[in-house]
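[1] Output the structure for:
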Amino acid sequence: MSVRRFKTFLLAQPLVIMLIFSMSCDGISTKGPVSSCASSTAVIQVLDSGMKLICGCSEPGNLVYTHGAQFTCTVSAGTTAEFIYSGIQQPHSVSITGVISFPERTPDSSNLNQVDAIPLNSSGHFTFSDAVTGTGGTFIVL
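    Sure, this is the predicted structure:
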């Protein structure tokens, strides 16, 4: 490879990496690590071993629920629930009942920071689960 081509290659790498991380797949966008929630947002991290309730629910945050565990997330109507697929080694498929516009998602495990945002605009109980781990729970929307 010539020096000129090598320099062009080095200069193009950041652009290519930025392009890859800014792409979305099947309605799933990318986002960096989350440790706190924006107003009217609830965040749940999908893990290979279960799920972690990060924040945004009336229930305490930073709790990990392992294979098959069920938990509750109480929020106000108008809250957006975010499922973050971060650090996973296998595809996951999270589904939510009662939210007609939300199909199951199977993110590509090579993109470690994908997020799926679901608006919870109507009051009610909406169950969610990950088909891989069986972990899930209920959104109680007030």
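
[2] Please count neighbours and contacts with C-alpha atoms only from this point.
    OK.

[3] start to end distance for stretch 120-128?
    12 Å (CA to CA, to the nearest Å).

[4] how about it: buried residues?
    Using 16 or more other CA atoms under 10 Å as the test for burial, stretch 120-128 gives 120, 125-128.

[5] What is the nearest of the residues you listed to residue 82?
    Relative to residue 82, the closest of the buried residues of stretch 120-128 is residue 120; by CA to CA it sits at 10.4 Å.

[6] How confident is the prediction for residue 135, by pLDDT?
    pLDDT, residue 135: 93.

[7] swap in residue 23?
    We have a pLDDT of 32 for residue 23.

[8] same thing with residue 92?
    Each residue has a pLDDT score; the one for residue 92 is 81.

[9] number of nearby residues for it?
    21 (other CA atoms under 10 Å).

[10] Now tell me what touches the strand or helix carrying residue 54 from outside.
    In the assignment (DSSP states H and E), residue 54 maps to strand 50-55. Strand 50-55 has contacts (CA atoms under 8 Å, 6 or more residues apart in numbering) with 34-37, 42-46, 61-69, 133-136.

[11] cool, stretch 133-142 as well?
    Everything outside stretch 133-142 that qualifies as a contact, by CA under 8 Å, 6+ apart, is 48-51, 65-77, 120, 122-130.
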